[in-house]
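Asks: prediction below, plus the sequence it came from.
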Amino acid sequence: MKSVIFSSRRIRQLVHNVLGGWLLTSNTSDNDAELDWIPLTTHSRAEIERCTPWQRYLSLVQVLELRYPDALLPILPPVTSQSGSLANNEAREVATTIDRQVSNVADIEMVKRKADDELIRALRQDDVCRRLASLAMRPYRATIETTTSITTETKSVKTSMGDGMSGSNLISNKLCSSTPVQTEKHESSENIQTTLLEQLPHNRLLRRISRMWKYALILPSLKDAKAFYRVPTNPAEIVATKRSKRHQNDANYPYQISIIMPAFYEKGSHLIAKLTKALETSNDPDEIEVVIVDAGGCTDLEKVVSLSSNEKQFGKISIISFTDGGGRGPCLNFGAANATGRILTFCHSDTTLPKHWDRSIVSTLEHDGMDDDDLFQLGKMRSNSCAFAFGIDTSPAGLAMPFTATSQSTSASTSSYFPPGIRAVEATANLRTHLYSLPYGDQVLTLHACVFHFLGGFPDQCLMEDYELVSLLRRRAALLDGVYPNGQMKLNRISYEKVAITPGPPALCSPRRWQKFGVMYTTFTNSRLVSLYAGVRRMSADELFQLYYGKDPPKRSSTDSPWEIELKQLVGDVARLDEDWVVT
């Protein structure tokens with residue numbers, strides 16, 4: 001039996017690696033627990049390093065106590081001393097309350113079910129609880145120190161075997177010889193992969209969370225995704241905005257698609273050219289919202305809101321200012337938090353969208369109107385995200401796009417230089433995309449808004465934010481099997497989700513980086529950055545930024561992520577339990 005389980009596990013790992021799992025996980029990790037574990041949300045490296053899993057667990061308990069106290073009721077038994085008496089008055093009051101509620105076995109089961117329902121609600125609907133649970137339950141490396149004592153006996157015979165010694169005298173001398181005992185202590189340490197649940201196997205809350213993990217992973221249903229509407233909780237400072245005539249008097253219209261476009265040192269005329277192309281190639285621009293996030297250094301962005309082409313207009317165009325710093329990840333999350341569309345399309349400012357792009361996105365993500373039950377009956381996988389194939393804009397306009405849009409360097413351009421080998425870049429990128437389902441950010445990564453927020457969005461870091469989000473999506477596609485929204489199990493499916501590549505023409509990104517640095521150098525640099533980030537070195541995003549750009553990453557207004565700021569406001573800097581609180 002063990003050999004069968006071992007073989008099945010190894011085969012699963014082999015298939016996972018062939019499908020590209022080695023591209024999304026650390027090359028140094030061969031531990032089954034880490035390979036088979038699926039986090040609830042994305043996490044930045046800084047979030048993982050700031051606190052231990054135990055500290056995150058304590059914070060989770062405090063948040064549950066404040067927001068979902070019913071979820072903790074069954075794990076707070078009466079505190080008793082060795083003599084059986086209650087430890088203090090507070091515990092006695094708790095015990096009395098519980099005794100009244102659980103007067104019989106049926107009541108106990110009812111309270112447990114209610115607590116489980118409340119806990120799963122917290123894990124699925126509360127962003128802070130989801131993130132804390134994901135960080136608390138994650139596999140981590142721990143150093144185990146052991147001390148080994150080795151006892152030896154050394155026999156020494158103090159006698160002389162000279163002439164005239166009889167055998168009896170020899171035996172007598174041996175019996176009377178001294179036998180000193182020597183004890184040697186050897187200290188050693190071992191670095192192992194473990195989890196908080198393995199270290200605390202009797203912790204009832206950890207066991208309950210582990211039992212509910214597969215249900216906490218289930219995405220919001222397609223029905224919920226199509227009906228999702230989110231009003232920005234902390235509206236950003238709007239630099240400029242304009243609605244189409246159709247939505248002139250409807251400030252809260254639920255748009256079908258929101259384009260999130262970060263802009264850093266971009267010129268308004270270049271964004272107008274890109275968005276005009278997107279407007280002309282869209283099928284229903286009135287259902288599209290454009291959110292341009294000004295991260296600094298841009299010029300003439302206000303002109304973009306007046307964009308129109310052949311009497312076609314986007315439903316809404318907004319320009320919002322992002323001043324918190326931290327790089328592209330926080331910038332994209334900021335734009336998503338201020339978008340109202342049910343689908344979020346993250347488009348770089350130098351990317352050109354293909355023809356009928358909006359129809360292709362909706363068709364791919366929403367499966368031409370099918371719901372989860374339809375997919376279940378047909379044995380089809382749901383698209384948890386989608387992206388376009390990769391292309392490079394080698395048109396005259398694309399080749400002539402300038403590097404920057406600063407007022408000091410507006411004259412800088414690339415003329416029409418066509419770098420040799422650029423078609424090979426397209427071919428290898430599409431091989432990676434289609435073979436490994438591994439698109440990057442310049443391929444217009446798109447998700448349902450509720451799925452994006454459910455998975456935690458982009459990690460709060462300056463680089464590799466798209467890599468981390470796609471890694472989580474691919475991990476779910478590779479490992480999440482047998483769990484469906486209606487609670488049924490279907491074990492003959494390999495996977496329930498997939499990262500879909502939208503059929504049709506590719507999205508075209510600007511060739512300016514290949515023009516500036518050359519194909520070989522750019523390709524080598526990109527591969528090296530991924531290797532340094534996900535390989536043996538495991539460099540941080542800030543270190544990669546310094547290496548790639550030769551300067552410090554954009555200064556942040558706070559070292560903490562937005563959800564950590566909310567957590568500190570709720571429970572303080574360090575989550576601690578009272579000394580008389582018993583963790584069970």
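Replies: Structure's in. What do you need? On a predicted model such as this, the values are computed, not experimentally measured, just so you know. Residues are numbered from 1 along each chain as shown.
Asks: surely residue 115 meets residue 68?
Replies: No. Using Cβ atoms under 8 Å as the test, residue 115 is too far from residue 68 to be in contact (9.1 Å). (Glycine included, C-beta is placed from N, CA and C.)
Asks: okay, now the unreliable bits of the stretch 1-150 of the chain?
Replies: Scanning the stretch 1-150 of the chain for pLDDT under 70 picks out 1-35, 73-106, 146-150.
Asks: right, and residue 315 touches residue 250 too?
Replies: No. Residue 315 lies out of contact with residue 250 (Cβ under 8 Å); the separation is 9.4 Å.
Asks: give me the common contacts of those two.
Replies: Residues touching both residue 315 and residue 250 (Cβ atoms under 8 Å, 6 or more residues apart in numbering) are residue 243.
Asks: ok, the two, which is more surrounded?
Replies: When residue 315 and residue 250 are compared for neighbours, residue 315 comes out ahead with 23 against 11, by other Cβ atoms under 10 Å.
Asks: and the closest residue to the more buried one other than its chain neighbours, what is it in contact with?
Replies: Spatially, and ignoring its direct neighbours in sequence, residue 315 is nearest to residue 286 (4.8 Å; Cβ to Cβ, 6 or more residues apart in numbering). For residue 286, the contact set (Cβ under 8 Å, 6+ apart) comprises 244, 246, 247, 313, 314, 315.
Asks: residue ranges for the strands of the stretch 101-250 of the chain, please.
Replies: Remark: strands assigned in the stretch 101-250 of the chain by DSSP state E, counting those that start in this stretch are 140-153, 181-194, 238-243.
Asks: the chain now?
Replies: Using DSSP state E, the strands of the chain run over residues 140-153, 181-194, 238-243, 257-263, 288-294, 316-321, 343-346, 351-352, 382-387, 390-392, 446-448, 497-501, 507-509.
Asks: rebuild those as JSON lines, extending it with mean neighbour count and distance to residue 301.
Replies: Listed next are these as JSON lines, based on neighbours: other Cβ atoms under 10 Å; distance: least, Cβ to Cβ, whole Å:
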{"stretch": "strand 140-153", "mean neighbour count": "10", "distance to residue 301": "44"}
{"stretch": "strand 181-194", "mean neighbour count": "10", "distance to residue 301": "48"}
{"stretch": "strand 238-243", "mean neighbour count": "16", "distance to residue 301": "7"}
{"stretch": "strand 257-263", "mean neighbour count": "25", "distance to residue 301": "7"}
{"stretch": "strand 288-294", "mean neighbour count": "26", "distance to residue 301": "6"}
{"stretch": "strand 316-321", "mean neighbour count": "22", "distance to residue 301": "5"}
{"stretch": "strand 343-346", "mean neighbour count": "26", "distance to residue 301": "18"}
{"stretch": "strand 351-352", "mean neighbour count": "22", "distance to residue 301": "17"}
{"stretch": "strand 382-387", "mean neighbour count": "26", "distance to residue 301": "26"}
{"stretch": "strand 390-392", "mean neighbour count": "21", "distance to residue 301": "25"}
{"stretch": "strand 446-448", "mean neighbour count": "26", "distance to residue 301": "23"}
{"stretch": "strand 497-501", "mean neighbour count": "21", "distance to residue 301": "32"}
{"stretch": "strand 507-509", "mean neighbour count": "23", "distance to residue 301": "21"}
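Asks: distance to residue 270 for these - can I get that in CSV?
Replies: Converted to CSV, the strands of the chain look like this (distance: least, Cβ to Cβ, whole Å):
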stretch, distance to residue 270
strand 140-153, 45
strand 181-194, 48
strand 238-243, 17
strand 257-263, 9
strand 288-294, 12
strand 316-321, 14
strand 343-346, 18
strand 351-352, 11
strand 382-387, 23
strand 390-392, 17
strand 446-448, 22
strand 497-501, 27
strand 507-509, 13
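Asks: tell me how far residue 217 lies from residue 138.
Replies: Distance, residue 217 to residue 138, by Cβ to Cβ, to the nearest Å: 14 Å.
Asks: oops, could you answer that again for residue 332 instead?
Replies: Distance of residue 332 to residue 138, computed by Cβ to Cβ: 23 Å.
Asks: in terms of neighbours, single out the busier of these two.
Replies: Comparing residue 332 with residue 138 by other Cβ under 10 Å, the one with more neighbours is residue 332, at 27 against 18.
Asks: now do the contacts for that one.
Replies: 260, 262, 293, 346, 457, 458, 465.
Asks: out of the residues you listed, which one sits closest to residue 239?
Replies: Using Cβ to Cβ, residue 293 is the member of the contacts of residue 332 that lies nearest residue 239, at 10.1 Å.
Asks: separation between that closest one and residue 340?
Replies: Distance from residue 293 to residue 340, by Cβ to Cβ: 15 Å.
Asks: repeat for residue 432
Replies: Residue 432 is 33 Å from residue 340, by Cβ to Cβ.
Asks: show me what residue 345 is bridged to.
Replies: Counting by DSSP bridges, residue 345 forms beta bridges with residue 259, residue 446.
Asks: isn't it up against residue 446?
Replies: Yes. Between residue 345 and residue 446 there is a contact under Cβ under 8 Å: 4.6 Å.
Asks: for the closest residue in space to residue 352 that isn't next to it in sequence, report the pLDDT, please.
Replies: Sequence neighbours aside, residue 508 is the residue nearest to residue 352 in space, at 4.3 Å (criterion: Cβ to Cβ, 6+ apart). Note on residue 508: pLDDT of 94.
Asks: grab the longest helix from the chain for me.
Replies: Secondary structure of the chain per DSSP state H: the longest helix is helix 105-125.
Asks: now the common contact residues for residue 345 and residue 446.
Replies: residue 361.
Asks: look up the pLDDT of residue 454 for me, please.
Replies: pLDDT, residue 454: 97.
Asks: wait, it sits on residue 220?
Replies: Yes. Residue 454 sits in contact with residue 220 when judged by Cβ under 8 Å, with a separation of 5.9 Å.
Asks: give me the more crowded residue out of those two.
Replies: residue 454 (23 against 19).
Asks: list the buried residues in stretch 246-257.
Replies: Applying a neighbour-count criterion of 16 or more other Cβ atoms under 10 Å, one finds 247, 253, 255, 256, 257 buried in stretch 246-257.
Asks: what's near enough to touch the second one?
Replies: Read it as residue 253. Taking Cβ under 8 Å, 6+ apart, we find residue 253 in contact with 247, 315, 316, 340.
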